[in-house]
Every structure is written in C-alpha cells, then in structure tokens.
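A.B. asks: fold the following.
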Amino acid sequence: MDFLKKLKPFDYLIILIIIIALIVGYLTFTKKRATSSNQIEASTKVEIEVYLRGVTTTNSEELFKKDDETFITIRNVPYTKLKIKDVKSEKRKIMLPSLNPQKPYLLVNDETAPYQYDYLIKVVDDAKITKDGDAVVGGNKVKIGIPITLEGAKYKLNGVITNIIASPEPINEVHEDLDMHTKINQDVH
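C.D. replies: Residues are numbered from 1 along each chain as shown. Here you go, the predicted model:
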C-alpha cells in the first residue's frame, strides 16, 4: 500500500492510458473493433477526373497527352505516377448577353486572357472500395471536391477531383467468385 501512496496524479494517467491501449488492442485482435482493413469490400480500377481551371501557359505544346504519366499528390500527400486516359482542353470562356430570347447569353473565348485554358484530365488507378462505397487511393478516400496536384516534367498544377468512375469489373477474389457464378449460370442456359 505504500507503493500507491508514492504515486502522483501523472502516474495514474500513464497507468490509465496503458489500460485503455490494452483494451483497444484486445478488441481489435478479437475483431470486435472495426478497423480500416475490415471496411474494404472490393478492389477495382477507377477513373479519376481532375479539373484544372485557368491554367496560364504560353507553351505551344500540349501539357497533357493521352497515355502519358503524371505524378499526383492527393491532399498534399505525394502518391504515385498515374496514366492519363483522356484529356480535354479549351480556352477560357466568358458569357455575353444576347438579344435572342431563346438564348439569353453567348459563350465566347475570353480575349482578355489569351493564354488561359481549362483542362479536364482523366487518370486511371487501382482503388479499394469501402463498404460505404468510397474509393480509397493511396491510403486516401477520394471524393469529388478533394484538391489534387498533377506534376510532370514541364508543369505542377493544382486542380480538383470532379468525378470518380469505378470499373464494373472488380479485381479481387470475392468478385471473381461472383463473376465465376455468373459465368456458370450463362453456361447452363
């Protein structure tokens, strides 16, 4: 009992933290606590569409080319190089009023910003899909609106994720079994 009298409040705090850590460890080990690995339902290919607005460049060459690779950073965390599947670009546009009541405005090139372009770039990667339907890429849940940086030999540009398209063909064993079941049913009919 003399031992307990010598303990200070800070010592009790350390003992409490150790007990909590042991309880959490036990619950995780016995799978009574949900961890991120328990949340993964499937693995699949995803197409991530990135919108880059108002890119100013006087370079006569296209910055992005289909089938090239670009290094991506998600939420300021460097990730990896991904293949560019598709690129769409156009000069910056502005709206002008129109006298035509059927079409109250016109969309024309912004001549005040001749070197500004908007890009829509689609990159492809493998992702894990969680039980709630979110895609996890490089340890980050990717959703519409998340900032992303594309970097290549001649550029480093910030954009935003505007769409995530999951492939209908998952690449893990669980879904391969489902595909096999479908194939067996097709062979029977």
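
A.B. asks: spatially nearest residue to the residue nearest to the spatial centre of the chain (excluding sequence neighbours)?
C.D. replies: When the chain is reduced to its mean C-alpha position, the nearest residue by C-alpha atoms, centre = their mean turns out to be Val142, at 2.8 Å. Here the nearest residue to Val142 in space, its sequence neighbours aside, is Ala135; by C-beta to C-beta, 6 or more residues apart in numbering that works out to 5.3 Å. Glycine gets a C-beta too; all of them are placed from N, C-alpha and C.

A.B. asks: let me know whether the one you found touches Lys141 as I believe.
C.D. replies: Yes: here Ala135 reaches Lys141: they are 7.1 Å apart, a contact under C-beta atoms under 8 Å.

A.B. asks: using CSV, write down the CA coordinates of the biggest helix by length in the chain.
C.D. replies: Ranked by residue count and defined by DSSP state H, the top helix of the chain is helix 9-29. Output for helix 9-29, consisting of C-alpha atoms alone and laid out as CSV, is shown next (Å, rounded to 0.1, in the frame of the first residue of the first chain):
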residue,chain,number,x,y,z
PRO,A,9,-1.5,12.0,-10.4
PHE,A,10,0.6,11.9,-13.6
ASP,A,11,1.5,8.2,-12.8
TYR,A,12,-2.3,7.4,-12.6
LEU,A,13,-2.7,9.0,-16.0
ILE,A,14,0.0,6.8,-17.5
ILE,A,15,-1.5,3.6,-16.0
LEU,A,16,-4.9,4.6,-17.3
ILE,A,17,-3.5,5.1,-20.9
ILE,A,18,-1.8,1.7,-20.8
ILE,A,19,-5.0,0.0,-19.7
ILE,A,20,-7.0,1.7,-22.5
ALA,A,21,-4.4,0.7,-25.1
LEU,A,22,-4.6,-2.9,-23.9
ILE,A,23,-8.4,-2.9,-24.1
VAL,A,24,-8.3,-1.4,-27.7
GLY,A,25,-5.7,-4.0,-28.7
TYR,A,26,-7.7,-6.8,-27.3
LEU,A,27,-10.9,-5.7,-29.1
THR,A,28,-9.0,-5.2,-32.4
PHE,A,29,-7.4,-8.6,-32.1
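
A.B. asks: longest strand anywhere in this protein?
C.D. replies: In the chain, taking DSSP state E as the definition, the longest strand is strand 40-56.

A.B. asks: neighbouring strands for that one, and are they parallel or not?
C.D. replies: Under the criterion DSSP bridges, strand 40-56 sits next to strand 116-130 (antiparallel), strand 156-166 (antiparallel) in its sheet.

A.B. asks: what residues sit buried inside the helix or strand following that strand?
C.D. replies: Going down the chain from strand 40-56, the next helix or strand is strand 69-74, by DSSP states H and E. Across strand 69-74, burial judged by 16 or more other C-beta atoms under 10 Å covers 70, 72-74.
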